[in-house]
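Asks: Got a sequence here, can you build the structure:
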Amino acid sequence: MESFRTEIENPIVQQEIIDLEKKIHAFRGGKIDDERFRSLRLARGIYGQRQEGVQMIRIKLPYGKVTSEQLRRITDVSEKYSTGRLHITTRQDIQIHYVSLDRTPELWADLAKDDITLREACGNTVRNITGSELAGVDVDEPFDVTPYAHALFQYLLRNPICQEMGRKFKISFSSSEKDTALSYLHDLGFIPRIVDGQKGFKIMLGGGLGSQPSHAELLSEFVPVNQIIPTAEGVIRIFDRYGERAKRLKARLKFLIKDLGRDEFLRLVEEEKKALPFHSYEIDTTAFEGPITEPVLEVPTVTIEDVAAFEAWKKSNVIAQKQAGYVAIGVKVLLGDFYIDKARLLADLIKNYGANELRFSLRQNIVIRNIKEENLPFFYQELAKLDMVNLGYNTIGDITACPGTDTCNLGIASSTGIADELERVLKTEYPQYLNNTEIAIKISGCMNACGQHNMAEIGFQGMSINAGKLVAPALQVLLGGGNLTNGNGRFADKVIKIPSRRGPEALRLILNDFEANANGAKFLDYYDAKGEKYFYEFLKPLADVTNLTEEDFVDWGNADNYVKAVGVGECAGVVIDLVATLLFEAKEKIDSANAALSENKWSDAIYLAYAGFVNGAKALLLAEKQKTNTHAGIVDSFDTVFVDANKIELGSSFKDLVYQINKNEPTEAFAKQYIQESITFFEKLEAYRAADLAKA
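Replies: The predicted structure is shown next:
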């Protein structure tokens, strides 16, 4: 694999890829524990599939933006290393599947040629920063949030503060108070505002979905744009220090805020300010300003033969932009899946005749932006050739679904199979809903809510159901969720569990009752008026498992009888750390701190030294079978077990030593001092560990 190393211009990326290759060799050679290696590859976008021996690769695309060059690069990579299928996720990433682990460094190197990364796409990191797909062209936006989302993405990428947290951390930027990026279910959600002529954001804090959905709390009604990066860094640092690390189901930010209380959490964030490298961070927006890119080629004039179909498409899939004379085109992508043959032609289309940009959406679709309205006939004609003019963009018939049991280890029941069937039912039996944007249907293959089922008006969650000695695939029916705008939302009620094969009939019953009894009310108002029990009662006959047929034991999209098989979840699993591995990593952190120091990155150097302190302390505490659930807990326990017991002499408490990090500004002098203290501390750890092993 030597050839790919010299083709990457960015030396940081080049080193990362070389390091990944070394880690894979170390893992293959038995030098890295399987659980530890999992965390290493997840932080590099490499995710184990349900199918043994192959990987899913998640390509990180901030706010879903892609140029034609990048889309072509992704198609080339998919053709070379994968199956040719591209899957758009609900976080605006692209996933490809069935990739050999040994080929991932080369794959990453190929992507890097067009500035595409895998870094922190999975694992206990800050995940892809999502954004409204219309940001920059949205008629309702006070200003374009794109440069601010991009700046935060760049600031956090590779940042030491968020490489090995207790759990994943999610951030969104909505383009307006309509909150289409769903701030209320993110760890940090940003909604743009202008107050007294000043640009800023309303910020929501600590939301999340999963098995226990939690509505975000208000962090601030208004934070100026030059404060969003310091604010985000303060929040992430406190989450890293105090967040749970052992109990996976309690490790998200929402649980930490619940445990500490919002006020105490924000007090800790305030206390951390002195340690931040920036108390104000000005964001340059000039790269996102200027005129719309003109097409490379002259757009041909075409004559539309089926005018009615064209007008229906415009009504359903074309969105007016704030830029006069320009529109965006929504392309409905069934289940978020499309293939490299069409993707390449689409890349050529936006390069030659558009503005060389598209964005993947949170609902797994494609948005082509900055198209002159007069060129719509041509784009309709060309997209029709690609079968990309299906009606119903962002409507009830535009169903969101995670991969489920197709490829995911955690999948319990098929989400893609039932989604496909429900879309068929809607298209053939309920054409009156073709342009209904009020109701969203979302499906997840398990409780983890990658398909966002528990925030939809109508949601389905993959489950299993016992029927005597047999187990059948099932769906939990959820109703009453939705986005209420401006940082407010509601989560759906779990109404009833039914065999999966009865999912289409459940949808029919719900829609039929809505049509008969809503009397013009919106779906959520109708649901509230009727109440959860009302829906349970008329869906109850579908839950009867005494009359199942053979078909009920075969999941949607499958030919064989259902077998419940759930693997080990990887999305943000907490790793099992070995003492020797942790000590080695502590030393690596200190070495990295010295490297950052040599590059005049004082704040990075200090945080890496801090990580060295904590990892080293954690190693010795694990050897003593002590709890190491949080960084703060590790600091306290090390004092109790080693310092107060006079086992290790530090000249001060470990707490005072480590927490110099938020008592000092990140200067060169403090960085040098702190790193030297971490080196001295590590030497004492090694001496203690050697003596302890000698006694054994």
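Asks: got a list of what the closest residue to Gly633 other than its chain neighbours touches?
Replies: In space, and not counting its chain neighbours, Gly633 is closest to Lys627: 6.5 Å by Cβ to Cβ, 6 or more residues apart in numbering. C-betas here are computed from N, CA, C, even on glycine. By Cβ atoms under 8 Å, 6 or more residues apart in numbering, the contact set of Lys627 is 246, 621, 633, 637.
Asks: before we move on, what about Val327?
Replies: Applying Cβ under 8 Å, 6+ apart, we find Val327 in contact with 318-321, 371-373, 376.
Asks: could you measure it against Asn375, distance?
Replies: 9 Å (Cβ to Cβ, to the nearest Å).
Asks: now do Ile648
Replies: 72 Å.
Asks: So which of the contacts of Lys627 belong to helices?
Replies: Per DSSP state H, helices hold the following members of those: 621, 633, 637.
Asks: secondary structure element for the residue nearest to Gly633?
Replies: Using DSSP states H and E, Lys627 falls within no helix or strand.
Asks: ok, the contacts of Val327 vs Leu582, which is closest?
Replies: Ile319 (51.3 Å; Cβ to Cβ).
Asks: how close does the closest one get to Ile396?
Replies: 18 Å.
Asks: Please say which of these two ends up with more neighbours.
Replies: Ranked by neighbour count (other Cβ atoms under 10 Å), Ile319 and Ile396 place Ile396 first, with 24 against 18.
Asks: got the phi/psi numbers for that one?
Replies: Main-chain torsions, Ile396, degrees, to the nearest 10: phi -60, psi -30.
Asks: what do you get for the one 4 residues further on?
Replies: The main-chain torsion angles of Thr400 are listed as degrees, to the nearest 10 and equal phi -90, psi 140.
Asks: do the one 10 residues further on as well
Replies: Dihedral angles phi and psi of Leu410 (degrees, to the nearest 10) take the values phi -90, psi -10.
Asks: Correct me if wrong: it contacts Cys446.
Replies: Yes: counting by Cβ atoms under 8 Å, Cys446 is a contact partner of Leu410 at 4.8 Å.
Asks: So between these two, which is more surrounded?
Replies: Using other Cβ under 10 Å as the criterion, Leu410 and Cys446 rank with Cys446 on top: 24 against 21.
Asks: What's the biggest helix in the chain, counting residues?
Replies: Counting by DSSP H, the longest helix found in the chain is helix 668-695.
Asks: could you dump the contacts of Val327 to a markdown table with pLDDT?
Replies: Shown next, in a markdown table, are those (pLDDT from 0 to 100):
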| residue | pLDDT |
| --- | --- |
| Val318 | 98 |
| Ile319 | 98 |
| Ala320 | 98 |
| Gln321 | 98 |
| Ile371 | 98 |
| Lys372 | 97 |
| Glu373 | 97 |
| Leu376 | 98 |
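Asks: May I ask which of those residues has the most neighbours?
Replies: Greatest neighbour count in the contacts of Val327, by other Cβ under 10 Å, goes to Ile371: 24 neighbours.
Asks: about what we covered before: which elements pack onto the longest helix of the chain?
Replies: Applying 3 or more Cβ pairs under 8 Å, 6 or more residues apart in numbering; DSSP states H and E, one finds that helix 668-695 contacts helix 579-598, helix 602-623.
Asks: in stretch 155-164, what counts as buried?
Replies: 155-164 (16 or more other Cβ atoms under 10 Å).
Asks: Am I right that Pro504 is in a helix?
Replies: Yes: counting by DSSP: H, G, I helix; E, B strand; the rest coil, Pro504 is part of a helix.
Asks: Now do the contacts for it.
Replies: Contacts of Pro504 by Cβ under 8 Å, 6+ apart are 418, 421-422, 425.
Asks: Mind listing what's buried along stretch 666-679?
Replies: Neighbour-count burial for stretch 666-679 [16+ other Cβ under 10 Å]: 666, 670-672, 674-675, 677-679.
Asks: Now it: average pLDDT?
Replies: Averaging pLDDT along stretch 666-679 gives 98.
Asks: where does this protein have low pLDDT?
Replies: 1-8, 559-560, 562-578, 696 (pLDDT under 70).
Asks: Show me it divided up by domain.
Replies: Domain ranges of the chain: 2-112, 130-287, 299-385, 400-553, 579-695, per automatic domain parsing.
Asks: Output those domains as TSV; include the columns distance to Gly392.
Replies: Converted to TSV, the domains of the chain look like this (distance: least, Cβ to Cβ, whole Å):
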stretch	distance to Gly392
domain 2-112	16
domain 130-287	16
domain 299-385	6
domain 400-553	6
domain 579-695	47
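Asks: just to revisit the earlier point, how about a markdown table for the contacts of Val327, with distance to Val66 and secondary structure added?
Replies: Listed next are these as a markdown table, based on distance: Cβ to Cβ, whole Å; DSSP: H, G, I helix; E, B strand; the rest coil:
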| residue | distance to Val66 | secondary structure |
| --- | --- | --- |
| Val318 | 20 | strand |
| Ile319 | 18 | strand |
| Ala320 | 22 | strand |
| Gln321 | 18 | coil |
| Ile371 | 16 | strand |
| Lys372 | 21 | strand |
| Glu373 | 23 | helix |
| Leu376 | 21 | helix |
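Asks: Of these, which pair is most distant in space?
Replies: The span of those, defined through Cβ to Cβ, is set by Ile319 and Lys372 at 14.0 Å.
Asks: Can you show me the strands along the stretch 201-350 of the chain?
Replies: In the stretch 201-350 of the chain, the segments counted as strands under DSSP state E, counting those that start in this stretch are 217-224, 318-320, 326-331, 337-339.
Asks: among those, which is nearest Gly616?
Replies: Gly616 sits nearest to strand 217-224 of all the strands of the stretch 201-350 of the chain, at 33.2 Å, using Cβ to Cβ.
Asks: Against which helices or strands is that closest one packed?
Replies: Helices and strands touching strand 217-224, by 3+ Cβ pairs under 8 Å, 6+ apart, are strand 188-195, strand 198-205, helix 228-242.
Asks: how about those, which one is nearest Glu505?
Replies: Nearest to Glu505 among these is strand 188-195 (36.4 Å), distances taken as Cβ to Cβ.
Asks: Can you give me the buried ones in that closest one?
Replies: Neighbour-count burial for strand 188-195 [16+ other Cβ under 10 Å]: 188-193.
Asks: could I get the residues you listed as TSV with distance to Lys351?
Replies: Below are the buried residues of strand 188-195 laid out as TSV (distance: Cβ to Cβ, whole Å):
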residue	distance to Lys351
Leu188	34
Gly189	33
Phe190	31
Ile191	33
Pro192	30
Arg193	35
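Asks: Go through those and name the one nearest Ala467.
Replies: Ala467 lies nearest to Gly189 out of those, by Cβ to Cβ, at 41.7 Å.
Asks: what residues are up against that closest one?
Replies: By Cβ under 8 Å, 6+ apart, the residues touching Gly189 are 171-172, 174, 179, 181-183, 203-205, 207, 216, 487.
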